[in-house]
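Student: just a sequence and a predicted model for now, questions to come.
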Amino acid sequence: MERLEQSGQIIGYTVILRAEAISSAVRGIMMIEIEGHAADRVIRALGGFAEVATIHTTNGRWDLVVELNTATLTDFDAILRRIRLVPGITGSETSLLLATPRSTKARL
């Protein structure tokens with residue numbers, strides 16, 4: 001392993017945790033509709049929120065799908081309110097994630 005690391009063949013490691021090991025007690029998905037050409041501006045604004053875990057661009061009804069992580073429902077409600085105030089967001093729909101029976105997503 002050390003030889004492979006030193007030669008540059010191994011460039012890093014990934015840790016995959018069980019969903020229950022993640023400290024965020026409340027997780028959710030927020031689908032977001034954006035007006036006109038505001039996508040880049042909205043994505044930059046969303047990237048500034050610590051509670052935003054991932055941002056996905058999509059096709060279809062919603063322009064973005066955002067994964068949110070918070071410690072409490074009160075915190076979750078607060079971040080939803082803050083996100084809905086971002087200029088360029090015209091609509092949203094949110095679902096809480098109750099359980100994750102299967103995930104291959106690596107978490108660092």
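Tutor: Happy to help now that I have it. Numbers count the residues shown, from 1 in each chain.
Student: phi first, then psi, for residue 48.
Tutor: According to degrees, to the nearest 10, the main-chain angles of residue 48 amount to phi -80, psi -10.
Student: apologies, that question was intended for residue 82.
Tutor: Phi and psi for residue 82, reported as degrees, to the nearest 10, are phi -70, psi -40.
Student: try residue 11
Tutor: phi -110, psi 0.
Student: contacts for the helix or strand bottoming out on mean pLDDT in the chain?
Tutor: Confidence across the helices and strands of the chain bottoms out at helix 2-6, with a mean of 87, counting by mean pLDDT, DSSP states H and E. With contacts defined as Cβ atoms under 8 Å, 6 or more residues apart in numbering, helix 2-6 is touched by residue 10. In short, each C-beta sits where N, CA and C put it, glycine included.
Student: after that helix, next one along is what?
Tutor: Reading on from helix 2-6 to the C-terminus, the next helix or strand found by DSSP states H and E is strand 26-34.
Student: quick one: mean pLDDT over that next one.
Tutor: Confidence over strand 26-34 (mean pLDDT, whole number) is 97.
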